[in-house]
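J.: got a sequence here, can you build the structure:
(chains A and B)
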Amino acid sequence: MSAATARRPLPAEALLGVDQVGLEARAAMLASRSIKREAKLFALDLAIRCTDLTSLEGADTPGRVATLCTKAMHPAPLDPTIPPVAAVCVYPALAAVARDHLRCSPVRVAAVATGFPGGQAPFEGRLAEARAAAAVADEIDMVIDRGAFLAGRYGQVADEIAAVKAAVGGRHLKVILETGELGGYDNVRRASWLAMAAGADFIKTSTGKIQPAATLPVAVVMMEAIRDFAWATGRIIGLKPAGGIRTARQAITYLVAVNEVLGDDWLTPERFRLGASSLLNDVLMQIAKEHSGGYQSPDDFSDA
Amino acid sequence: MATSPPTTSATPDAAPAPRPGGGHGAEDRRPAGGRFTYAPAPEATDHLRLRDRYELFIDGQFRPPAAGEHRLSINPATEEPLAEVAEAGPEDVERAVAAAARAFRSWSRLPGGRRGRYLFRLARLIQERQRELAVVESLDGGKPIRESRDVDIPLVAQHFFYHAGWADKLDHAFPGAPWRPLGVCGQVIPWNFPLMMLAWKIAPALATGNTVVLKPAETTPLTALLFAELCQQAGLPDGVVNVVTGGGPVGAQLVRAPGVAKVAFTGSTAVGKEIQRALAGSGKRLSLELGGKAAHVVFDDAPMDQAVEGVINGIYFNQGHVCCAGSRLLLQESMAEPFLRRLTRRMARLRVGDPLDKNTDVGAINSREQLGRITELVASGVAQGARLYQPPCELPSRGFWFPPSLFTDVAPSHRIAREEIFGPVLAVLTFRTPAEAVERANNTRYGLSAGVWTQSGARILWMSQRMRAGVVWANTYNQFDAAAPFGGFRESGFGREGGVQGLAAYVERG
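T.: Numbering: from 1, shown residues only, chains lettered A, B, ... in the order given. Take a look at the predicted model:
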């Protein structure tokens, strides 16, 4: 851990376990909130502003990234009230393409790094990749070495995060815990504390390459850890659920949870992101439905 | 009528959002934070067909009371009238008991499988009309629709299904000796879970071959009367279920009626004692489910956020109108401060208001009378020196409301630590060791329920063996199941409801 945080012992409650039954019941209760009319429109608009529009395929091309950037800046070109998304998230090799297309827009460039998605490349390589990505991108989404974490080498995981944080300079660092591989909520809470103490600006659930990806209970555990960390250290950390978030309904549920667990101070792209590749059109369709009263054809919204 | 919850964030640490470094265009973004205020989401009521006036349900028919008197049942959230409900007199109670006695002759001789069929039919009818029943339960009693929809009515249906299954297997419930139904059961139920208490009483009585005269609470009679309609719809033989509505005197007449063989009462300890005195020497069987002042014990190794949630559920569920409510929170001193910080913050997020709004967490207090009692006890807590916390929350101007409340600096001798408040009021005490936790938990006249939160399985067993309570919930609270016997001891009553033990309360053996 970094010297700054190592001096301060963790509060006793940092390492408390999580009760699975109670947590999932709480998440189910949050998911049952009924969000209607103006509240729904507020949430849908916010969901767009908080979206990291993502493409992380081996088959990504400059052309595909260019299309993605256009969609990111103008999700619905015919509706001027629709805001741009928060960021476009791509592999480092294509970050420069995204940079070019987003040059005159508020949309930021995020690049995954450190041997995404497995995090199993030699550390020097992962570090070099992060450094290279940081030269182009505004935000770096790094993965932790889950193998090291599960083997109990917490110090190594923390040191690697701190090293990446130093290597990417002032870039905004999102640390992907890949919660689907951590084997339970207790570990999600531990990994969250570890990443935050080691220098993460955001903690992120998943790469999207592993099932299960983001789930509401996992996100709630991470929110509680973020709240506790803010109380213990005064540092504000953001949250990014990613992977498997495809519907407006899901996005609204995450926003409800943020609202009720962290509070509305976190309802901003500075503190909350949704990592998604196919969410945007469902959100647009729901907004159009709220305005017109009926659903439009999926073909009314551009693919990318 | 819906009230907005406090929209101000309860984060004392609310720091300005940090500007992430490195990006351009961050200045274009909207300012940090937004107000996510949930729009009203009322449950539809247009499918309801409440009558203007409900009569007594006696011998399979709705009949006006002999004296012709009725009283209004009102919506406690608005004080608006819902329907006129008959006020039974002594003659009516007699007629109902006589009808039940006549019906007993054939109902008790019916093969168990046939009785089971009626109960299955009732269970399915309850499921079919669950939305309507949930809405009426919330309108008449003030409880949030989320609870009546997700907890009350599903449990009601489960209770009928469960006991329908027992009806033809009772020889296995009571092996080795013959058993007989008791006869006419006089059942008096409270206003906090009107239909659920009806199910807990009627389902086991009918499954075992008894017939019943039920007296619902005067403030919440409507779902019992809708249930009477379901009995008609199910073709239940006349007189097997009778419903007599009215105030306390009706219940007093019912339990004293000579034709009644068994009395089952759920309600206050004071009335329970009165019934027990009245029944002494009468030969009537009696089961009582009375008050409680449950200890909710949280150790310093507990999963904290889930324990907070459990404590919230334990005391603010159904506005605290729960006999097994976890109304005394015993916190291990070493984590009392971080726990209370989370608990008060969570309280500030509770949405108090329109019971029919799907997002409401805490609804209306059941009656003016109950509101007065809560108010008086809370005032005594303040006067005796305890420190009161209530989250900022705007209450509707009409109807009966009380904000979620919490007392710290509570001494075990304070009235708020000893008396059942039956409202959304939590008294917080601390302890140092497990032995002290047990001692404090048991320092009450009641013994209905208790809760314990710890990650140590061994400690859960140790605590549950020592806490004198009919139910001990571990790492959860307010879990109910038709198969699990529920009931208390000491001044919380005797007898069990649910499970095989619950059936035993309705048969004579040997």
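J.: okay, CA-based contacts and neighbour counts for the rest of this
T.: Will do.
J.: ok, now how distant is whichever residue of the stretch 101-250 of chain B sits closest to chain A from residue A:32?
T.: When distances are taken as Cα to the nearest Cα, the stretch 101-250 of chain B reaches nearest to chain A at residue B:146, 9.0 Å away. Distance of residue B:146 to residue A:32, given as Cα to Cα, to the nearest Å: 9 Å.
J.: the two: which is more packed in?
T.: Comparing residue B:146 with residue A:32 by other Cα atoms under 10 Å in any protein chain shown, the one with more neighbours is residue B:146, at 24 against 14.
J.: wait, a helix at that one?
T.: Yes - assessed by DSSP: H, G, I helix; E, B strand; the rest coil, residue B:146 belongs to a helix.
J.: what sits against it?
T.: B:358-361 (Cα atoms under 8 Å, 6 or more residues apart in numbering or on different chains).
J.: ok, now with 6 Å
T.: Counting by Cα atoms under 6 Å, 6 or more residues apart in numbering or on different chains, residue B:146 touches residue B:358.
J.: repeat for the one 3 residues further on
T.: Residue B:149 makes contact with residue B:134, according to Cα under 6 Å, 6+ apart.
J.: how about it, phi and psi?
T.: Main-chain torsions, residue B:149, degrees, to the nearest 10: phi -80, psi -40.
J.: can you get me a residue count around residue A:202?
T.: Counted with other Cα under 10 Å, residue A:202 comes out at 26.
J.: phi, psi for it please.
T.: Residue torsions, per degrees, to the nearest 10, at residue A:202 are phi -130, psi 150.
J.: for residue A:14, see how far away it is.
T.: Residue A:202 is 18 Å from residue A:14, by Cα to Cα.
J.: next structured bit after the worst-scoring helix or strand of chain A on mean pLDDT?
T.: Taking mean pLDDT, DSSP states H and E as the measure, chain A has helix A:3-6 as its least confident helix or strand, at a mean of 47. Next helix or strand after helix A:3-6 toward the C-terminus (DSSP states H and E): helix A:20-31.
J.: and the contacts of that following helix?
T.: A:217, A:253, B:306.
J.: with stretch B:488-507 instead?
T.: B:180-182, B:204-205, B:287-292, B:445-448, B:470, B:482-487.
J.: distance from that stretch to the middle of the chain?
T.: 16 Å (Cα atoms, centre = their mean, to the nearest Å).
J.: close to chain A: what parts of the stretch 251-400 of chain B are there?
T.: B:303, B:306, B:359 (Cα under 6 Å from any Cα of the partner chain).
J.: redo that, cut-off 7 Å
T.: The stretch 251-400 of chain B comes close to chain A at residues B:301, B:303, B:306, B:349, B:358-359, as judged by Cα under 7 Å from any Cα of the partner chain.
J.: mind checking which of those residues are in helices?
T.: residue B:306 (DSSP state H).
J.: can you add pLDDT and neighbour count and give the residues of the stretch 251-400 of chain B next to chain A back as JSON lines?
T.: Converted to JSON lines, these look like this (pLDDT from 0 to 100; neighbours: other Cα atoms under 10 Å in any protein chain shown):
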{"residue": "B:301", "pLDDT": "96", "neighbour count": "17"}
{"residue": "B:303", "pLDDT": "97", "neighbour count": "24"}
{"residue": "B:306", "pLDDT": "98", "neighbour count": "23"}
{"residue": "B:349", "pLDDT": "96", "neighbour count": "23"}
{"residue": "B:358", "pLDDT": "98", "neighbour count": "20"}
{"residue": "B:359", "pLDDT": "98", "neighbour count": "27"}
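J.: a markdown table for the residues of the stretch 251-400 of chain B next to chain A, including distance to residue B:104?
T.: As requested, these are arranged in a markdown table below (distance: Cα to Cα, whole Å):
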| residue | distance to residue B:104 |
| --- | --- |
| B:301 | 55 |
| B:303 | 52 |
| B:306 | 48 |
| B:349 | 51 |
| B:358 | 42 |
| B:359 | 45 |
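J.: near chain B, which residues of the stretch 201-304 of chain A? Just list them.
T.: Residues of the stretch 201-304 of chain A lying near chain B (Cα under 7 Å from any Cα): A:231, A:260, A:263-268, A:270.
J.: for those residues, which one is nearest residue A:188?
T.: The nearest member of those to residue A:188, counting by Cα to Cα, is residue A:231 at 18.8 Å.
J.: what's whichever strand or helix holds that closest one packed up against?
T.: If you go by DSSP H and E, residue A:231 is part of helix A:216-233. Packing partners of helix A:216-233 (3 or more Cα pairs under 7 Å, 6 or more residues apart in numbering or on different chains; DSSP states H and E): helix A:20-31, helix A:185-198.
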